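Visitor: Fold the following, please.
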Amino acid sequence: MGAFYNCPNLSKITIPSNMKIILPHTFDQCTNLKEIKFPVNENNITNISVIENGAFNHCTNLTDVTIPEGVIYIGSYSFNYCQNICDIEIPTSVKKIESSAFNACWLYNKGTITFNRKDDIEYSEIMLYNDPWITICVPEESKEMYENCFALFRSWYHDHEIELITFKSKD
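Guide: So this is what the prediction gives:
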């Protein structure tokens, strides 16, 4: 298990600036964890490139997750059963999201996932498994790509309602 596995008294963490990878299950079962501070430089870019499988699994009190620029990979079950997450922001640097990365976050009726990447992202069809009724925000110029991305998801889970909305990119 991970270094801080099942630490119920851990409520806030600041990831060290020299860390490059958050190892599998590092904060798994930290049920009172409410806040994660990722280290960023003056350009708001982190040294962390990988969030491994189950890194924040069952962190049931997390509410907002802003993954900083610099992260390129989000592993399976990274934020599995983080039941109180309301909003997730995925930066342009993320190139791959594994299966069930945000499984059972229960974003429905309250949640938004914002994807900032304009070109292809490698994803698992079930990265949002068990998360019906969510809003997904994507760059305007990438709407078609993301519609195709989530079309398969919609066809598998007919009872899921995904609202896809667009925004103008910053660049």
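Visitor: do you know how far residue 115 is from residue 45?
Guide: Counting by Cβ to Cβ, to the nearest Å, the gap from residue 115 to residue 45 is 18 Å. No exception for glycine: its C-beta is placed from N, CA and C like everyone else's.
Visitor: residues touching the spatially closest residue to residue 19 that is not a sequence neighbour, list them.
Guide: Once flanking residues are discounted, residue 19 sits nearest to residue 48: 5.9 Å by Cβ to Cβ, 6 or more residues apart in numbering. Contact analysis of residue 48 by Cβ atoms under 8 Å, 6 or more residues apart in numbering lists 15, 19, 20, 21, 22, 38, 39, 68, 70, 71.
Visitor: any idea which helix or strand carries residue 48?
Guide: Using DSSP states H and E, residue 48 falls within no helix or strand.
Visitor: What does it show for phi and psi?
Guide: Main-chain dihedrals, residue 48, degrees, to the nearest 10: phi -70, psi 120.
Visitor: same question, residue 96
Guide: Torsion angles, degrees, to the nearest 10, at residue 96: phi -150, psi 130.
Visitor: Just grab the bridge partners of it for me.
Guide: When assigned by DSSP bridges, residue 96 has beta-bridge partners residue 73, residue 122.
Visitor: pLDDT wise, what is it at?
Guide: With respect to pLDDT, residue 96 has a value of 86.
Visitor: That one and residue 78 touch, don't they?
Guide: No: in this structure residue 96 lies outside contact range of residue 78 using Cβ atoms under 8 Å: 11.5 Å.
Visitor: Touching both of these two, which residues are there?
Guide: By Cβ under 8 Å, 6+ apart, no residue touches both residue 96 and residue 78.
Visitor: More neighbours: which of these two?
Guide: Of the pair residue 96 and residue 78, residue 78 is the one with more neighbours under other Cβ atoms under 10 Å, namely 28 against 14.
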